[in-house]
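Engineer: mind folding the following:
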Amino acid sequence: MRAEELDLHSFWVYDSPMVHGDPFVALSLCAKATSRIRLGIGVTSPALR
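Structural biologist: This next block holds a predicted model:
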């Protein structure tokens, strides 16, 4: 994975349901590609979920 080659330690996405897709789906796909990089959601809105 290119991000691991660049020594990336973490990757964060934000939750903006009106603009972007589901961050949980995106992070699930990322998790399939790495076991080393920490993944997380920076901001989420529980009221919209």
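
Engineer: how about the strands in the protein?
Structural biologist: Taking DSSP state E as the test, the strands found in the chain are 10-13, 38-41.

Engineer: distance between the last one and the chain's centre?
Structural biologist: Between the mean C-alpha point of strand 38-41 and the mean C-alpha point of its chain there is a distance of 5 Å (Cα atoms, centre = their mean, to the nearest Å).

Engineer: so which other helices or strands are in contact with the longest helix seen in the chain?
Structural biologist: Criterion DSSP state H: the longest helix present in the chain is helix 23-33. Applying 3 or more Cβ pairs under 8 Å, 6 or more residues apart in numbering; DSSP states H and E, one finds that helix 23-33 contacts strand 10-13, strand 38-41. Using the backbone N, CA and C atoms, a C-beta is placed for each residue, glycine as well.

Engineer: okay, those strands, which one's buried deepest?
Structural biologist: Ranked by mean neighbour count, the helices and strands packed on helix 23-33 are led by strand 10-13 with a mean of 14 (mean count of other Cβ atoms under 10 Å).

Engineer: show me what it is packed up against.
Structural biologist: Packed next to strand 10-13, using 3+ Cβ pairs under 8 Å, 6+ apart, are helix 23-33, strand 38-41.

Engineer: parallel or antiparallel, list what pairs with the last one.
Structural biologist: Sheet pairing here is set by DSSP bridges, and for strand 38-41 it gives strand 10-13 (parallel).

Engineer: what average pLDDT does the strand it pairs with get?
Structural biologist: Strand 10-13 shows a mean pLDDT of 92.

Engineer: what's it in contact with?
Structural biologist: Contact with strand 10-13 is made by 3, 23, 26, 27, 30, 37, 38, 39, 40, 41, 42, as judged by Cβ atoms under 8 Å, 6 or more residues apart in numbering.

Engineer: and of those residues, the nearest to residue 16?
Structural biologist: Taking Cβ to Cβ as the measure, residue 16 sits nearest to residue 23 out of these, at 8.4 Å.
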